[in-house]
Every structure is written in structure tokens, then in C-alpha cells.
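>>> With the sequence up front, the predicted model follows.
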Amino acid sequence: MIDKRVANVAAAMDGITDGATVLVGGFGAVGQPNQLIDGLIEQGARDLTIVANNSGVAEFGLAKLMKLRRVRKIICSFPRSAGSFVFEELYRAGEIELELVPQGTLAERMRAAGAGIPAFYTPTAFGTKLAEGKPTAEIGGRNCVLEYALPGDVALVEAWEGDRWGNLTYKDSGRNFNPVMAAAAKLTIVQVQRIVELGALPPEAVVTPGVYVDRLVAVPHEGPQG
């Protein structure tokens, strides 16, 4: 019997190794798997590469993980935002690496990884510092930059509903980076707000099929949504 549910967050984090590339869903506070991030902090893995929309705020979640010196590198689109002082302090001190990626390119790099596409050309960032050292080509009269797929060892995902097979739905703007990250990782761990009976999810509502999900843990909603 297929059953991807695990008892708790600690069980969901089992086996994450030092040096892993971890994809973290969410756009700001919306759709971010906060309890899974806390579980990763408790689990203890270090020397991590984090892929996320931003670099966290204040001293909780991603920012706490960085403050504990557990992150070697962050790949994101918005490293500086209101309250991102932990990242700024570490970056100025040379204690964390940054790879800056335009938001659409970031999403497409992970989508490509999930689809088995090794690389793609995009006009985004051509002629800027972000394109330095990258192959370029003129396609259809537009200058483009070659970008490589961005797979993860682990994806931490937040979803609205799921069943024991791992089929997932998302609510409103909680459907941001989560679906592409779920498909792009070797190990996909999901915190879901509600686990429903098998067959209760309308097939047309399923955004992430269970084939992409490895572990599912029920976590009641506590933060912003929608």
C-alpha cells in the first residue's frame, strides 16, 4: 500500500546530509514551509546550498538557519528585503556565497530540472553582469543567455491538501515556487495543512502528482496564506 505520510516533522527530515542542495518553497511568508525549515534546523545538516525566492527575514526560518552558520550558499532572486539583516551581515563578512538569479529564470531552471531538460536559452539578463561568462546565442532575432537546470537534493514544500499517495493541491498564491520545486528534487518533503481521504481530491485540482512526493506530514496552518 502506498502511504507517504510520516508521523512528524522530525521523521520527515531524516537522512538529509551535510552539503545538500535544499529547495525551499514560498514567496516571502506565503507558501513557505516554516515548520519544515524549523525541522531542518533541529535536524542539524550544515554546509547547505539553499535555493529560495529570498534570504529570509528577522532571525527565524531561513534567517535562523543562516545565523547558525549552516548555509554555505544561497541561490535566490531577492537577497535584500525588509528585515533581511542576517544575510547582509554574513555576506558583508564573506561568510556566505550568493548566486543571484532573476525570479522567472529561477523558476524555469527548476521546472527544467523536473522535466529532464538540462539547459535552456532565455533573453533575460543578456548584457548584464548576471550573464557574464555564460554562453550566448541569437535566437529568432533576440540575444539569449544559456541557463542550466537547477535540481535539488531535497525540496521543502508547503501545500494545502494532500492524500496518502502524495497528490497535492495549493491554495491561492501558496502555489508559487512549490510545484516546480516538488518536481525538481530527489527527495521531496511536504508539509500539508490537511490530509484527506484517497479519492477526495478532484483529479483536475491536483497540481503536484504524488509521483513527485516522498514524504508528507500534516501541519495545521499558523501563518499567512493566499
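Perfect, thanks for sending it. Bear in mind that the values here come from a model prediction, so they are computed numbers and not experimental data. Residues are numbered from 1 along each chain as shown.
>>> which residues touch the residue of the chain most remote from its centre?
Distance from the centre of the chain peaks at Gly141, with 33.4 Å (C-alpha atoms, centre = their mean). Applying C-beta atoms under 8 Å, 6 or more residues apart in numbering to Gly141 gives no contacts. (C-beta placed from N, C-alpha, C; glycine too.)
>>> What is the longest helix of this structure by residue count?
Ordering each helix of the chain by length in residues (DSSP state H) puts helix 103-115 first.
>>> then it to CSV, C-alphas only?
Output in CSV follows, covering the C-alpha atoms of helix 103-115 (Å, rounded to 0.1, in the frame of the first residue of the first chain):
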residue,chain,number,x,y,z
GLN,A,103,12.8,35.2,-10.5
GLY,A,104,11.4,33.9,-13.7
THR,A,105,14.7,32.3,-14.6
LEU,A,106,14.9,30.7,-11.2
ALA,A,107,11.5,29.1,-11.6
GLU,A,108,12.3,27.9,-15.1
ARG,A,109,15.7,26.4,-14.0
MET,A,110,13.8,24.2,-11.5
ARG,A,111,11.0,23.5,-13.9
ALA,A,112,13.6,22.3,-16.4
ALA,A,113,15.2,20.1,-13.8
GLY,A,114,11.8,18.4,-13.1
ALA,A,115,11.2,18.0,-16.9
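>>> quick one, phi/psi of the residue farthest from the centre of the chain?
Main-chain dihedrals, Gly141, degrees, to the nearest 10: phi 80, psi 0.
>>> Now do it against Pro123, distance only.
The gap separating Gly141 from Pro123 is 10 Å, by C-beta to C-beta, to the nearest Å.
>>> ok, Val51 touching Lys73?
No - taking contacts as C-beta atoms under 8 Å, Val51 lies outside contact range of Lys73: 9.3 Å.
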